[in-house]
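> next one to model:
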Amino acid sequence: MYKILTLVVTIAICMSCGNSKKEKQAEKQNDFSISITGQENFPEGTRISMYRMKVEEVPDNVEILKEGLLGKDGFVYKGTVEDPHTIAFNVLPADSEYPYTRVYLVLEPGETNIEFTSQKSFKLKGGRLNELVVNSWNENLDFKNARKKYYEAVKVKGDKKLKGEARKAYFNTMVAVNDTKNHALGLAFNATDNSFEKLLIYSVGYQDTDDLDALNTNKEKLAMSLFEKREAKLILKNIKRARESAAAMASVGVGSVIKDFKAQNLKGEMFHLADVLKKNKYVLVEFWSSWCGPCRAEIPHMKKAYAKYKSEGFEIVSFTLDNKKKNWEKASKEEQIPWIDTGDLKAMTSPVVKMYGVVGVPANYLVEANTGKIIAMNLRQEKLDEKLKEVFNKKH
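Numbers count the residues shown, from 1 in each chain. As a prediction, the model looks like this:
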């Protein structure tokens with residue numbers, strides 16, 4: 001009896017050891033390592049912030065995976081992943097949240113090495129998924145040539161305000177970069193029969209049609225067949241949001257009455273858009289955020305327009321998509337915003353943002369106060385100047 005019991009215990013121990021060994025092997029197969037080098041191309045103190053978007057519908061929809069310096073040994077992120085999915089990282093200056101560049105890639109088992117050859121360009125060595133999602137376009141010759149021409153155009157443009165054919169040529173270089181990238185992703189998309197690989201290619205921006213409804217239908221069909229995957233859940237969430245936003249945007253256009261809302265400023269004072277309209281002739285409703293570079297680049301120009309026309313009945317009501325008060329407050333102080341500066345710290349989940357269908361910032365609406373009607377949208381730089389000159393000259 002003792003011998004039988006001993007044998008049973010021995011078998012159990014062996015089975016336990018076998019299971020443990022298998023678990024370790026499976027875990028090792030799911031190990032990943034992402035290394036970032038090329039630090040010599042960046043100033044000292046440059047930081048890396050690696051993150052992914054949350055599947056849940058929450059105000060703070062960015063999950064930070066790892067942050068740290070791009071030091072003398074580069075930057076390394078290690079762990080395990082059973083369900084590969086898209087992530088991204090920003091390469092940031094020591095004292096600013098404006099990134100030198102942003103890179104999207106796939107978190108997949110194995111080693112992924114990213115070497116920056118300049119502050120905007122990099123080489124990637126990795127697994128099958130990153131070959132499809134990143135190197136398909138990053139190593140594409142047409143894309144490289146288009147990007148080179150764009151950077152040359154940027155240097156020529158500098159701080160100049162291009163007009164006419166020069167402006168058109170500049171924007172054409174941007175279009176060429178996007179078109180060549182999309183074409184390269186399309187080649188990768190058509191070269192694979194794997195549904196999940198196709199889904200990842202969609203995730204990094206591939207468009208197989210210019211019809212947005214048709215594109216979302218294609219993505220949705222694929223995502224529904226892979227619903228257990230994190231990437232599929234994220235895509236379905238984004239499609240749902242896009243459709244809700246499209247429906248809201250359809251009711252907020254030139255000629256329609258502006259949608260009323262209430263919101264607080266940084267001091268906790270409540271502002272009602274309807275009350276602001278009663279006190280002014282024209283009101284610009286502006287959606288922005290502290291992390292939006294183009295938004296903040298517009299502010300100095302908007303301040304000039306505000307100073308010029310405020311005494312004549314012009315007001316601006318801004319609404320931030322920030323979800324952290326400290327970021328909103330810091331940016332507002334840095335920019336010395338003089339107008340009504342509001343928000344609710346709910347970011348894309350904000351009822352106000354959803355009501356307007358805002359999917360990206362900056363976005364704005366110029367309202368004729370006495371009628372409440374929107375008379376222009378997305379006015380930037382000289383377009384804002386021209387429209388304000390037009391409407392305020394009407395009273396003379």
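> rest of the way, CA atoms for contacts and neighbours
OK.
> contact partners for Asp60?
For Asp60, the contacting residues are 323, 346-347, by C-alpha atoms under 8 Å, 6 or more residues apart in numbering.
> got a markdown table for those, with secondary structure and neighbour count too?
Below are the contacts of Asp60 laid out as a markdown table (DSSP: H, G, I helix; E, B strand; the rest coil; neighbours: other C-alpha atoms under 10 Å):
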| residue | secondary structure | neighbour count |
| --- | --- | --- |
| Asn323 | coil | 22 |
| Lys346 | coil | 18 |
| Ala347 | helix | 22 |
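> and Ala94, what does it touch?
With C-alpha under 8 Å, 6+ apart, Ala94 has these contacts: 44-47.
> same thing but at 6 Å, please
45-46 (C-alpha atoms under 6 Å, 6 or more residues apart in numbering).
> do the same with Gly357
Gly357 makes contact with 245, 248-249, according to C-alpha under 6 Å, 6+ apart.
> ok, the contacts of Asp60 vs Glu131, which is closest?
Ranked by distance to Glu131 (C-alpha to C-alpha), the contacts of Asp60 are led by Ala347 at 33.5 Å.
> wait, the closest one sits on Asp322?
Yes: look at Ala347 against Asp322 with C-alpha atoms under 6 Å: they come within range, at 5.3 Å.
> what do those two both touch?
Common neighbours of Ala347 and Asp322 are not found (criterion: C-alpha under 6 Å, 6+ apart).
> just give the nearest non-adjacent residue to Leu226, would you?
Ala232 (6.0 Å; C-alpha to C-alpha, 6 or more residues apart in numbering).
> ugh, typo on my part, it should be Ile48
Val91 (4.9 Å).
> so which elements touch the helix or strand containing the one you found?
Assigned by DSSP states H and E, Val91 belongs to strand 85-92. Contacts defined by 3 or more C-alpha pairs under 6 Å, 6 or more residues apart in numbering; DSSP states H and E place strand 85-92 against strand 47-53, strand 101-107.
> what angle do the first one and strand 101-107 make?
Here strand 47-53 points in a direction 50 degrees away from that of strand 101-107 (axes from the mean of the first three to the mean of the last three C-alpha atoms, to 10 degrees).
> which outside residues touch strand 47-53?
By C-alpha under 6 Å, 6+ apart, strand 47-53 touches 61-70, 87-92.
> quick check: end-to-end length of stretch 122-132?
This stretch, stretch 122-132, spans 16 Å end to end (C-alpha to C-alpha, to the nearest Å).
> average pLDDT for that stretch, rounded please.
For stretch 122-132, mean pLDDT is 98.
> what does stretch 201-212 give?
96.
> which one among the contacts of strand 47-53 gets closest to Phe227?
Checking the contacts of strand 47-53 against Phe227 by C-alpha to C-alpha gives Ile87 as the nearest, at 18.4 Å.
> and the nearest residue to the closest one once chain neighbours are set aside, how many neighbours?
Nearest non-adjacent residue to Ile87, counting by C-alpha to C-alpha, 6+ apart: Arg52, 4.6 Å away. The number of residues packed near Arg52 is 17, by other C-alpha atoms under 10 Å.
> now swap in Thr192 and tell me
Thr192 has 12 nearby residues by other C-alpha under 10 Å.
> look up how far Arg230 lies from the closest residue in space to it that isn't next to it in sequence.
Computed as C-alpha to C-alpha, 6+ apart, the closest residue to Thr192 that is not its neighbour in sequence is Lys198, at 7.1 Å. Lys198 sits 14 Å away from Arg230, going by C-alpha to C-alpha.
> so for these two, which sits in the more crowded spot?
In this view Lys198 and Arg230 are compared by other C-alpha under 10 Å, and Lys198 has more residues nearby, 23 against 16.
> and that one, that's in a helix?
Yes: per DSSP: H, G, I helix; E, B strand; the rest coil, Lys198 lies within a helix segment.
> where does this structure have low pLDDT?
The model of the chain has pLDDT under 70 over residues 1-27, 159-160, 394-396.
> give me the domain ranges for the protein.
Residue ranges for each domain of the chain read 30-126, 262-393, as given by automatic domain parsing.
> what would those look like in CSV with distance to Asn135?
As requested, the domains of the chain are exported to CSV (distance: least, C-alpha to C-alpha, whole Å):
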stretch, distance to Asn135
domain 30-126, 7
domain 262-393, 27
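> out of those, which is closest to Asn238?
Of these, nearest to Asn238 by C-alpha to C-alpha is domain 30-126, at 9.2 Å.
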